[in-house]
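[1] got a predicted model here, sequence first, then my questions.
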Amino acid sequence: MRLKIVLRNNFPRFFQPSALALSLFLAVSALADGNVASEHARSSPAWLRESVIYEIFTRNFSASGDFNGVTARLDELKDLGVNVLWLMPVHPNGEKMKKGSLGSPYAVKDYYAIDPLQGSTNDLKRLVREAHQRGLKVIIDVVANHTAWDSVMMAHPEFYKQDASGKIIPPVPDWSDVAGLNYANPQLREYMIAMLKHWVQEFELDGFRCDVAFMVPTDFWEQARAELEKVKPDLIMLAEATKPDLLVKAFDLDYSWPLHAALNKVLLDGTPATELQKSWEQSRREFPQGSLHMRISDNHDEARAVARFGVRGALAAQVLMLTLDGVPLIYNGMEVGDATESGDPALFEKLPVFWKPKDRPALREIYRDLIKLRKKYPAFQNDRTIWLKNSDPTDVVTLMRLDKQDEFVVAINLSNRPTSAAVEVMNAGEFKPVAVAGRPAVSAAGFPRVELNGFEWRIYHRAVSR
């Protein structure tokens, strides 16, 4: 969705919650979810932990703004190493009460139709078929919380939320271009589940990213998941939410919005880098055991990471996302450092990715090598993450990813100041720097002390003795 939200925990961007307020909110959420931290998250397809998701805003991904423009770049995406393609909504946009000249893709006019500006049914089927031939999965956005005001579903006003006078209302007052759906109506639930099954059956999709999933009842998602698994047992469902109970039965992974908020605080407000570890640990305490989170530094809801953090800061942030546990996201031209507007107004206008921006580091090569590292070593695919102490915790994060065969130490300077930080790690003399394409060679001399320029980062590897 495109409302200005910081954490997707109902906090609008114009309300910046304090750390205490955020802690209290998440604590209340956990209680509301029945304290599911003692439970296990649902078992997800094995391929998901090895995945990197690539979010595509079809309208802005290419000059043509259609499915064929995506299909034409599938080889580039395959070479980058991503293996799950998430297409933002493929349905027609509503015209009534629309925002901007084109309207939001999250104001859906017909769940069963395809936006003619994006292409035809055959174009989408070809995109999915060509992606599958390259070993890529394809999921699409589903906007289950609301529709456009001129939706075909308006023929059933009982499907919608209404005020005391019977007037259909938006789900949130500021979302004036959409009307809220009423999941107390069992016929609406049947309609939506049939629609989801249609897309999996007709287009051989691999799952869904579910917009503002926390605003739709959890029991609906659980009901829908059970029905979808009868059609495709290994599909995945991604919740745009930070709501622990969603991961027990319904969803495979969610957004790590709290960690994203912590990242913004560190890079934009000068909050100590230790805030990231605190956020990560808090999520571990509140979510079901084995929960998967999508790690994000850039997305369609706000200004591009290179605009918020600068090019070097954006790279440092994404290195953290690519080396943490969970499933990392790359968004729509991020691999070239695109700085074209995102969020407002890009959700309501056509603002294509600029594929050759000036004065960028070798971002594509760097991300490609880091993705190769994730895929080669299972240590990056499990949930074993140890935050290591270092002598400059204000600016530097240091963590270890490990399994029985390998240990990796990641050190990232999240400030624009040079620093020298000593890392507390056992067997320090056995670690060697990992070579990454597009980055200068690094000497192993001096480790566990690392000399880092502003926003510089290093990865070190040790093969565990057998």
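    The structure has been received and is ready for your questions.
[2] could you pull out the helices for the stretch 151-300 of the chain?
    Ranges of helices within the stretch 151-300 of the chain are 186-203, 218-231, 246-249, 257-269, 274-286, based on DSSP state H, counting those that start in this stretch.
[3] chain neighbours aside, what residue packs nearest to F408?
    Of all residues not flanking F408 in the chain, R401 sits nearest, at 4.7 Å (C-beta to C-beta, 6 or more residues apart in numbering). (Each C-beta comes from the backbone N, C-alpha and C, glycine too.)
[4] so that neighbour sits against F380, correct?
    Yes - with contact defined as C-beta atoms under 8 Å, R401 counts as touching F380 (5.3 Å).
[5] domain boundaries for this protein, per the record?
    Listed by automatic domain parsing, the domain ranges of the chain are 19-376, 385-463.
[6] mean neighbour count and mean pLDDT added to these, as CSV?
    What follows is the domains of the chain, written out as CSV (neighbours: other C-beta atoms under 10 Å; pLDDT from 0 to 100):
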stretch, mean neighbour count, mean pLDDT
domain 19-376, 19, 94
domain 385-463, 18, 96
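[7] among the helices of the stretch 151-300 of the chain, which comes closest to S120?
    Nearest to S120, of all these, is helix 186-203, at 12.2 Å by C-beta to C-beta.
[8] what sits up against the closest one?
    For helix 186-203, contacts defined as C-beta atoms under 8 Å, 6 or more residues apart in numbering pick out 111-112, 124-125, 128, 140, 142, 144, 153, 156, 158-159, 181-183, 205, 208, 220, 223-224, 227-228, 231-232, 235.
[9] now, which of these lie within strands?
    Among the contacts of helix 186-203, the ones falling in strands (DSSP state E) are I140, V142, F208.
[10] take these and lay them out in TSV including distance to L370.
    Output for these, formatted as TSV (distance: C-beta to C-beta, whole Å):
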residue	distance to L370
I140	27
V142	30
F208	27
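[11] I366: which of those residues is nearest?
    Using C-beta to C-beta, the ones in strands among the contacts of helix 186-203 come closest to I366 at I140, 28.8 Å.
[12] pretty sure that closest one is touching C210, no?
    No - contact criterion C-beta under 8 Å: I140 and C210 do not qualify, at 10.3 Å.
[13] can you tell me how far A422 sits from L117?
    Plainly put, A422 is 56 Å away from L117 if you go by C-beta to C-beta, to the nearest Å.
[14] same thing with L196?
    23 Å.
[15] please apply the same query to E222.
    For E222, the distance to L117 equals 35 Å [C-beta to C-beta].
[16] now do H156
    H156 sits 26 Å away from L117, going by C-beta to C-beta.
[17] now D252: closest residue in space that isn't a chain neighbour?
    Spatial nearest neighbour of D252, excluding adjacent residues (C-beta to C-beta, 6+ apart): S44 at 4.0 Å.
[18] for the one you found, grab phi and psi.
    In terms of degrees, to the nearest 10, the main-chain angles of S44 are phi -110, psi 160.
[19] what residues does it make contact with?
    Contact analysis of S44 by C-beta under 8 Å, 6+ apart lists I236, D252, L253, L292.
[20] one more time with 10 Å, if that's ok
    Shown in contact with S44 (C-beta atoms under 10 Å, 6 or more residues apart in numbering): D234, I236, M237, L247, F251, D252, L253, G290, S291, L292, V327.
[21] D79 too?
    R73, R134, R364, R368.
[22] just give me how far the one helix or strand it maps to sits from the chain centre.
    Taking DSSP states H and E as the definition, one finds D79 inside helix 74-80. Relative to its chain's centre, helix 74-80 lies at 19 Å (C-alpha atoms, centre = their mean, to the nearest Å).
[23] just the CA trace of that helix, in CSV.
    In CSV, the C-alpha atoms belonging to helix 74-80 read as follows (Å, rounded to 0.1, in the frame of the first residue of the first chain):
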residue,chain,number,x,y,z
LEU,A,74,14.8,-11.6,-17.0
ASP,A,75,18.3,-12.7,-18.0
GLU,A,76,19.7,-9.6,-16.1
LEU,A,77,17.7,-10.5,-13.1
LYS,A,78,18.8,-14.1,-13.3
ASP,A,79,22.4,-13.0,-13.6
LEU,A,80,22.0,-10.7,-10.5
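[24] I'd like the next helix or strand past that helix.
    As assigned by DSSP H and E, the chain's next helix or strand after helix 74-80 is strand 84-87.
[25] can you list the strands that that next one pairs with?
    When pairing is defined by DSSP bridges, strand 84-87 lines up against strand 53-56 (parallel), strand 137-142 (parallel).
[26] how far off centre is the first one?
    Which is strand 53-56. 8 Å.
[27] could you dump that strand to PDB, C-alpha only?
    Extracted as PDB, the C-alpha positions of strand 53-56 are listed here (Å, rounded to 0.1, in the frame of the first residue of the first chain):
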ATOM      1  CA  ILE A  53      13.300 -11.300  -3.600                       C
ATOM      2  CA  TYR A  54      13.200  -8.600  -6.300                       C
ATOM      3  CA  GLU A  55      10.300  -6.200  -6.200                       C
ATOM      4  CA  ILE A  56       9.100  -5.000  -9.600                       C
END
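[28] circling back: helix/strand/coil for the residue nearest to F408?
    Here R401 is recorded as strand under DSSP: H, G, I helix; E, B strand; the rest coil.
[29] pairing partners for it in the sheet, please.
    Beta-bridge partners of R401, as defined by DSSP bridges: T385, F408.
[30] who are the contact partners of the residue of the chain most remote from its centre?
    Distance to the chain centre peaks in the chain at S165, reaching 39.0 Å (criterion: C-alpha atoms, centre = their mean). Contacts here follow C-beta under 10 Å, 6+ apart; on that basis S165 touches nothing.
[31] for S43, same thing?
    D252, G290.
[32] relative to L292, how far out is it?
    11 Å.
[33] list residues touching both of those two?
    D252.
[34] the helices in the stretch 351-466 of the chain, which residues?
    Here the stretch 351-466 of the chain has its helices, by DSSP H, counting those that start in this stretch, at 363-376.
[35] hang on, the earlier thing: the residue farthest from the centre of the chain and F159, how far apart?
    Distance, S165 to F159, by C-beta to C-beta: 18 Å.
[36] equivalent analysis for E424, please.
    Counting by C-beta to C-beta, the gap from E424 to F159 is 58 Å.
[37] just G343 next, same as before
    Per C-beta to C-beta, G343 is found 29 Å from F159.
[38] same question for V396.
    52 Å.
[39] among the helices of the stretch 151-300 of the chain, which is nearest G313?
    When those are compared by C-beta to C-beta, helix 257-269 sits nearest G313, at 5.5 Å.
[40] can you pull the contacts of the residue nearest to F408?
    By C-beta under 10 Å, 6+ apart, R401 lies in contact with 323-325, 373-374, 377-386, 407-410, 459, 461.
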